[in-house]
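Need coordinates for the following:
(one chain, ligands or ions: 3)
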Amino acid sequence: MSVTLDTYLVTQEDLSAGRTTTEIVDAAIAGGIDIVQVREKHRSAADQLAITRELREPTADAGVALVVNDRVDVAVAAEADGVHLGDDDLPVAPARDQLGEDAIIGRSVSTVAAAATAEENGADYLGVGAVYATSSKDVDADEQAIGLDTLTEIAEAVDIPIVGIGGVTPGRAADVVEAGADGVAVISAITAADDPEDATRALAEAVRSGKRRRADDPAVEGSA
Ligand SMILES: Cc1ncc(COP(=O)(O)OP(=O)(O)O)c(N)n1
Ligand SMILES: Cc1ncsc1CCOP(=O)(O)O
Ligand SMILES: [Mg+2]
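Ligands and ions are numbered 1, 2, ... in the order given. Prediction:
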């Protein structure tokens, strides 16, 4: 499995100022989004399935990967490209058994040890965070923002791609990528933006800028 992860939209309709998830995703596709995760945690499985099915054709037509948060069963039923799994979900290996070798399976981590384990277990990519404080997800009191230094340690510890998530904005995305992420995952930076299409473009430009900065860094092996 190989997937582009530069810009990654995680959906959450209740942050979209009255617009539907499909409208937000359509705008993100127009702005060049690479991958979309259906994360409508307060909706029923039936609703999650309906939303994912509605997004199947437009994402496939645009060459945009479509994954489902938490629910392997919804991903199978909607013929999504994969799932994004966290600590409370099915482990990677049984999810792989159900979804197949070609499925995209992402795993959330916030420590080097968890990242190494997820890689060993066959995850295709890691969602690393929360990098910065966020109000889009309830986090336990002991789960503070991990910051860029921990993200760099995780990036250096694994060979699979990682995306930084949590409080990422167009103004911060270049720093996240320069610190070692392959891309950035966001909810509010696109979903709550006045113009989600423009916000997606701004994120993509910031990711390119972070990659240029990393390539130019003499501390990075093989750079100029
Ligand atoms: C890309 C990406 N990274 C991390 C997460 C967080 O997943 P999880 O820890 O399972 O929490 P919920 O999103 O399920 O509340 C993610 N969804 N996507
Ligand atoms: C789902 C998730 N996992 C870690 S932080 C987060 C929320 C990201 O939302 P935002 O981009 O609005 O901070
Ligand atoms: Mg989850």
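
And the lengthiest helix in the chain, what does it pack against?
When the chain is parsed with DSSP state H, its longest helix is helix 196-216. Contacts defined by 3 or more Cβ pairs under 8 Å, 6 or more residues apart in numbering; DSSP states H and E place helix 196-216 against strand 7-10, helix 21-31, helix 170-178, strand 183-186, helix 188-191. All C-beta spots, glycine's among them, are computed from the backbone N, C-alpha and C.

what residues does that helix touch?
For helix 196-216, contacts defined as Cβ atoms under 8 Å, 6 or more residues apart in numbering pick out 6-7, 9, 19, 24, 27-28, 30-33, 168, 170-178, 180-181, 183-184, 186, 189-190, 193, 220, 223-224.

can you pull the contacts of residue 137?
For residue 137, the contacting residues are 130, 166, 187, by Cβ under 8 Å, 6+ apart.

what is the orientation angle of the longest helix of the chain with helix 170-178?
In terms of direction (axes from the mean of the first three to the mean of the last three Cα atoms, to 10 degrees), helix 196-216 departs from helix 170-178 by 30 degrees.

Centre of the chain to helix 196-216, how far?
The chain centre lies 15 Å from the centre of helix 196-216; the measure is Cα atoms, centre = their mean, to the nearest Å.

Please report how far the residue nearest to the spatial centre of the chain lies from residue 193.
In the chain, the centroid-proximal residue (Cα atoms, centre = their mean) is residue 185; its distance is 4.0 Å. As for residue 185, its distance to residue 193 is 15 Å (criterion: Cβ to Cβ, to the nearest Å).

Check which residues of stretch 32-43 are buried.
32-40, 43 (16 or more other Cβ atoms under 10 Å).
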